[in-house]
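Undergrad: Got a predicted model here, sequence first, then my questions.
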Amino acid sequence: MSNDIFSPEDTRRPVAAGPLIWGAILIVIGVLWLLASLGVAAIPWRAALAAVLILVGIGMLVTAGSGSSPEGLFTAGTVLAVILALLSTANAAFSLPLAGGIGDRSISPTIDSLEAEYRLVAGQLDIDLSDVVFPEGETELEVSVTFGQISIDGIPDDVAVSIESRVTAGEALLLGTRWDGVGIEQTKTEPGFDTAPRRLLIDARAGFGQIEVSR
């Protein structure tokens, strides 16, 4: 009987490159999503999608070189390329905000912790300004969400407010005045804003969703 039957080489299975590449892609997406959800880092998602697309391209080269079938990776690469193209087109055509993380955020800042801008790609962004003692002069606040809702409330009574809002599709509710539809660009300025000792200028942008500002 030939010893070739018991050759250990016959029992070895080649490692499939496709699942390894898919695993690496899923790990990258999962880590980025976790960091964004925990608020550890603001992930530029267009850059993240581009990085994943590069991984898919590398995977296609590896699987093609090993003789495996890269159809699944080709499909994934095509879908990612289309998504990136749509995001770039939408950003150029509708000025969609495409920065920030993913998930719901509730923020109650003081004057020392108040940031000049808050960004979110998808989710609900709630900002309570009731603990902020605004200084004299004008304070600017930029807020944006691509898919979801912005809610700003708790504005002190001694602070005059002017709001510039832009919504690609959805609703804007500014100090009791409501607009809805597509391509909303509305400004709401309280009487006496220009001469008030304390002024808050809010620049709020939403892609698809809602902006609500109240006291």
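TA: Done, it's in.
Undergrad: Name the SS class of residue 54, please.
TA: When states are read from DSSP: H, G, I helix; E, B strand; the rest coil, the local structure at residue 54 comes out as helix.
Undergrad: Check what pLDDT it gets.
TA: Each residue has a pLDDT score; the one for residue 54 is 70.
Undergrad: ditto for the one 3 residues further on
TA: With respect to pLDDT, residue 57 has a value of 70.
Undergrad: before we move on, what about residue 142?
TA: Taken from the predicted model, the pLDDT recorded for residue 142 is 95.
Undergrad: One more: residue 94?
TA: The predicted local confidence for residue 94 comes out at a pLDDT of 49.
Undergrad: Same question for the one 5 residues further on.
TA: Model confidence at residue 99, given as pLDDT, is 62.
Undergrad: again with residue 29
TA: Taken from the predicted model, the pLDDT recorded for residue 29 is 66.
Undergrad: just use 23 as the starting number from now, easier for me
TA: All set: I'll call the first residue 23, so the last point we hit is now residue 51.
Undergrad: Can you find the helix or strand in the protein with the smallest mean pLDDT?
TA: Lowest by mean pLDDT, DSSP states H and E among the helices and strands of the chain is helix 93-116, with a mean of 59.
Undergrad: Next secondary structure after that helix?
TA: Using DSSP states H and E, the helix or strand that follows helix 93-116 towards the C-terminus is strand 123-124.
Undergrad: Which strands or helices does that next one pack on?
TA: helix 39-60, strand 139-150 (3 or more CB pairs under 8 Å, 6 or more residues apart in numbering; DSSP states H and E). The way it works is simple: take the backbone N, C-alpha and C, and place the C-beta from them, glycine included.
Undergrad: Quick check: neighbours of the last one in the sheet, parallel or antiparallel?
TA: Strands flanking strand 139-150 in the sheet, each with its direction: strand 123-124 (parallel), strand 127-129 (parallel), strand 159-175 (parallel) (DSSP bridges).
Undergrad: Make a markdown table from the ones you listed and add mean neighbour count to it.
TA: A markdown table is the format used below for the strands paired with strand 139-150 (neighbours: other CB atoms under 10 Å):
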| stretch | mean neighbour count |
| --- | --- |
| strand 123-124 | 22 |
| strand 127-129 | 14 |
| strand 159-175 | 19 |
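Undergrad: Could you check these and tell me which one is nearest residue 214?
TA: Each of the strands paired with strand 139-150 has some distance to residue 214 by CB to CB; the shortest is strand 159-175, at 13.7 Å.
Undergrad: any residues touching the closest one, and which ones?
TA: The set of residues that contact strand 159-175 without belonging to it, under CB atoms under 8 Å, 6 or more residues apart in numbering, is 118-122, 136, 138-152, 220-237.
Undergrad: Direction included, what does the helix or strand following that strand pair up with?
TA: The element immediately downstream of strand 159-175 (helix or strand, assigned by DSSP H and E) is strand 182-196. When sheet partners are counted by DSSP bridges, strand 182-196 sits next to strand 199-211 (antiparallel), strand 220-235 (parallel).
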